[in-house]
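Asks: this one's sequence-less:
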């Protein structure tokens, strides 16, 4: 039996780096709550496209990186992204066959869980909690999902990421 060779790991890594850079991008104060969850979108795509390569461990490492980048409580995004990756792994076969607009609704539900954990952990810390952000970030992420999906799918196919 021949071993399975994985290709294109640099493409996955680059997509996560770009997502982290988009998350770190400075925005005006009024636009902060509308910022899409770029890292979560990239993570969900790769968990659906390559579930044998991208999973909960990668999600936790990405979350810790996002915690350090944003100055959040260490482990806050790690927990939230790990849960998102776990749910995506459990449902990826069902979600992949849906049309993009229905996938967007699934993304909205997943990112509502993600934002809920972030808002909850901020509330536990005693930090100011903007409950409007619970809805706005998943909403903008849902609207961007078709473009993110198509872009990452085309990149994955062009560079034969397996």
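Replies: Sure, I can see it. Computed from a prediction, not measured in an experiment: that's the story for all the values here. Residues are numbered from 1 along each chain as shown.

Asks: separation between residue 64 and residue 31?
Replies: Using C-beta to C-beta, to the nearest Å, residue 64 is found at 26 Å from residue 31. Every C-beta, even on glycine, is put in place using the N, C-alpha and C of the backbone.

Asks: of these two, who's got more company?
Replies: Legend: neighbour count by other C-beta atoms under 10 Å for residue 64 and residue 31, higher for residue 64 (16 against 11).

Asks: kindly provide the distance from the more buried one to residue 38.
Replies: Distance from residue 64 to residue 38, by C-beta to C-beta: 16 Å.

Asks: how about residue 59?
Replies: According to C-beta to C-beta, residue 59 and residue 38 sit 14 Å apart.

Asks: now swap in residue 45 and tell me
Replies: Taken as C-beta to C-beta, the span from residue 45 to residue 38 is 11 Å.

Asks: what separation do you get for residue 63 and residue 157?
Replies: From residue 63 to residue 157 the distance is 28 Å (C-beta to C-beta).

Asks: who's more crowded, these two?
Replies: Neighbour count, other C-beta under 10 Å: between residue 63 and residue 157, residue 63 has more, with 27 against 10.

Asks: now that one, nearest residue through space, not along the chain?
Replies: Leaving aside its chain neighbours, residue 63 sits nearest to residue 78 (3.2 Å; criterion: C-beta to C-beta, 6 or more residues apart in numbering).

Asks: run a quick neighbour tally on the one you found.
Replies: Neighbours around residue 78, by other C-beta under 10 Å: 20.

Asks: again, but for residue 109
Replies: Counted with other C-beta under 10 Å, residues neighbouring residue 109 total 13.

Asks: looking at residue 59 and residue 38, which one has more neighbours?
Replies: Comparing residue 59 with residue 38 by other C-beta under 10 Å, the one with more neighbours is residue 59, at 28 against 22.

Asks: assign the more buried one to helix, strand or coil.
Replies: Look at residue 59: counting by DSSP: H, G, I helix; E, B strand; the rest coil, its state is helix.
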